[in-house]
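**Q** Sequence and predicted structure, then a few things I'm wondering about:
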Amino acid sequence: MALGRAFYSMANIQALQFKQVSRIQKVQYCHGDANRLHIDWGDTLSVTVKNSMTGNGTGIHWHGIRQLNTNTMDGVDGITECPLAPGDTKTYTFRCTQFGSTWYHSHYSAQYGDGAFGTLIINGPASSNYDIDLGTYTINDWYYKTAFQIADITDVNLQNRNPPPPADTILINGTNKNAAGGGTYGTVSITKGKKYRLRLINTSVDNMIRVSLDNHPFTVMTSDLVPIKPYTTNWILMAIGQRYDVVIYANQTVGNYWFRAEVATDCASANNYFGRSIFSYSGAASGDPTTTAATIPSVCKDESPLVPWVPNTVSSSAFVSQVGNLEVDIDVEQVTTNGQNIVVWGVNLTAIDVDWEKPTLEYVKTGNTSYPTVFNLIEIPNEGTVSLPTGAPNRHCINA
């Protein structure tokens, strides 16, 4: 593997060009592999993004990527950058110091819920053997209304202490059939006797989802961007943004098998339908599978055991000598700090309300420590100090 090379994916080739399409003006990338980026561990990724929309800002966040010394490339509107105005371009450049499977998505309001996302594979070592890499496999909730319409409905629901509306269906790698039979099941072709790596990513906006492949247990070898000691399971629970790399051994009778995606209602998620795709052995007759599912778990809890392949041992004495507590209260819904009657989640009993035109990072760059209260900024007492947040638990994941 060559380390330190520069890899350039110029996004005007359409892969990362935002366009508005369809009657309801949903946002999308090109379909197929155009939205999947590949790079090697240690290389520098440089991607130019063009906003071809006429009425929305945008930007790209590289989910889970450690932006060491490249914080301006993190792509979080109102925090590390201003949104890209219509017609604007930006080149994101950073070194890939991690490896595995992840994704990128718009961080402009609810925009990624309309399809403004793609996947990123950073080639590197694996903790389990396989023959063929099938690439990324996205699982996500899907609403027939736009993400911005759903956000408005959610605001109204929360003011009445009701949850967001349920999603309409689940897409598996961008496809599914609906209850009326419209649409298409995605199909993955496999060969008996081969082992396949599948990179699962939950790109939902509101749903935790369980996935399974009938009669084919998953050997889980990576959690997010961390190689782990492999373990076997029939179902994987995926929170929003989570990634699991699994190995599937095609050792069953030649035929067609359902890949299932079910909303995790026990994790306070709601969806009006389910997701299906087909894994088809070479030589199998055409047609929908008739296979049955393994028993689905009913308890909302994280996957386990997640044991890193390479443990990072931290000296307990060094840790204790500089660790501190940071009081952070993660609270339930409340009225926003701007006085409007919109109910949101709060941290330290305050709702964040960023200023698109003056990102938080600009305050840091200029040495201005007069952060507006609505920025909800939490300052770490001392540089280099590990501070452990304390406060009420919260089901929602903390975005990275």
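**A** Good, I have the coordinates.

**Q** And stretch 221-234, end to end?
**A** Length of stretch 221-234, first residue to last, C-alpha to C-alpha, to the nearest Å: 14 Å.

**Q** So for it, what gets flagged as buried?
**A** For stretch 221-234, burial by neighbour count (16 or more other C-beta atoms under 10 Å) applies to 221, 222, 223, 224, 225, 226, 227, 228, 230, 233, 234. All C-beta spots, glycine's among them, are computed from the backbone N, C-alpha and C.

**Q** next one: stretch 42-60
**A** Across stretch 42-60, burial judged by 16+ other C-beta under 10 Å covers 42-43, 45-53, 56-60.

**Q** Could you tell me which of those belong to strands?
**A** When DSSP state E is applied, these are split such that 45, 46, 47, 48, 49, 50, 51, 60 fall in strands.

**Q** Now for residue 95: which residues touch it?
**A** For residue 95, the contacting residues are 42, 43, 44, 45, 68, 70, by C-beta atoms under 8 Å, 6 or more residues apart in numbering.

**Q** which other helices and strands contact the longest strand along the chain?
**A** Longest strand in the chain, counting residues (DSSP E): strand 132-142. Strand 132-142 makes packing contacts with strand 100-106, strand 117-123, strand 169-172, strand 195-202, strand 209-213 when contacts are defined by 3 or more C-beta pairs under 8 Å, 6 or more residues apart in numbering; DSSP states H and E.

**Q** any chance of those in TSV, with mean pLDDT too?
**A** Converted to TSV, the helices and strands packed on strand 132-142 look like this (pLDDT from 0 to 100):
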stretch	mean pLDDT
strand 100-106	96
strand 117-123	95
strand 169-172	97
strand 195-202	98
strand 209-213	98
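
**Q** Residue 216: what secondary structure?
**A** Secondary structure, DSSP: H, G, I helix; E, B strand; the rest coil: residue 216 is coil.

**Q** residues in contact with it?
**A** Neighbours of residue 216 in contact, by C-beta under 8 Å, 6+ apart: 248, 249, 250, 252, 257, 279.

**Q** Enumerate the beta-bridge partners assigned to the second one.
**A** Beta-bridge partners for residue 249, by DSSP bridges, are residue 195.

**Q** Begin at 5, not 1, for the rest of this chat.
**A** In the new numbering, first residue 5, that becomes residue 253.

**Q** Can you report how many residues lie near it?
**A** Other residues lying near residue 253 total 18 when counted by other C-beta atoms under 10 Å.

**Q** rewinding a little: output the contacts of residue 99 as a markdown table; include the columns distance to residue 192.
**A** Supplementary listing: those in a markdown table, determined by distance: C-beta to C-beta, whole Å:
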| residue | distance to residue 192 |
| --- | --- |
| 46 | 30 |
| 47 | 28 |
| 48 | 32 |
| 49 | 27 |
| 72 | 36 |
| 74 | 35 |
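
**Q** quick one: secondary structure of residue 365?
**A** Going by three-state DSSP: residue 365 is helix.

**Q** My guess is it contacts residue 77. True?
**A** No - contact criterion C-beta atoms under 8 Å: residue 365 and residue 77 do not qualify, at 10.9 Å.

**Q** Show me how the chain divides into domains.
**A** 10-127, 136-285, 320-394 (automatic domain parsing).

**Q** mind checking which of these is nearest residue 312?
**A** domain 136-285 (5.6 Å; C-beta to C-beta).

**Q** Off-centre distance for that closest one?
**A** With C-alpha atoms, centre = their mean, to the nearest Å as the basis, domain 136-285 stands 12 Å off its chain's centre.

**Q** where in the stretch 5-154 of the chain is pLDDT low?
**A** 5-38 (pLDDT under 70).

**Q** re earlier: between the buried residues of stretch 46-64, which is closest to residue 277?
**A** Of the buried residues of stretch 46-64, the one sitting nearest to residue 277 (C-beta to C-beta) turns out to be residue 60, at 27.9 Å.

**Q** The nearest residue to residue 222 once chain neighbours are set aside sits in which helix or strand?
**A** Nearest non-adjacent residue to residue 222, counting by C-beta to C-beta, 6 or more residues apart in numbering: residue 250, 4.0 Å away. Counting by DSSP states H and E, the element that carries residue 250 is strand 247-253.

**Q** Now do the buried residues in that strand.
**A** Under 16+ other C-beta under 10 Å, the buried positions of strand 247-253 are 247, 248, 249, 250, 251, 252, 253.

**Q** so which two of these are the farthest from each other?
**A** 247 and 253 (20.6 Å).

**Q** show me the residues around residue 301 that make contact.
**A** With C-beta under 8 Å, 6+ apart, residue 301 has these contacts: 214, 239, 241.

**Q** burial count for the second one?
**A** Just to be clear, that refers to residue 239. Neighbourhood size, residue 239 [other C-beta under 10 Å]: 20.

**Q** next one: the one 3 residues further on
**A** Other residues lying near residue 242 total 23 when counted by other C-beta under 10 Å.

**Q** One more: residue 94?
**A** For residue 94, using other C-beta under 10 Å, the count is 21.

**Q** ok, now how distant is it from residue 54?
**A** As judged by C-beta to C-beta, to the nearest Å, residue 94 and residue 54 stand 9 Å apart.

**Q** Can you convert the buried residues of stretch 225-238 into TSV and add a column each for distance to residue 323?
**A** Below are those laid out as TSV (distance: C-beta to C-beta, whole Å):
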residue	distance to residue 323
225	29
226	26
227	23
228	23
229	23
230	20
231	24
232	22
234	29
237	32
238	37
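
**Q** From the residues you listed, which land in strands?
**A** Short answer: these in strands (DSSP E) are 225, 226, 227, 230, 231, 232, 234, 237.

**Q** So which of those residues is the closest to residue 313?
**A** Distance to residue 313 across these (C-beta to C-beta) is lowest for residue 231, with 4.1 Å.
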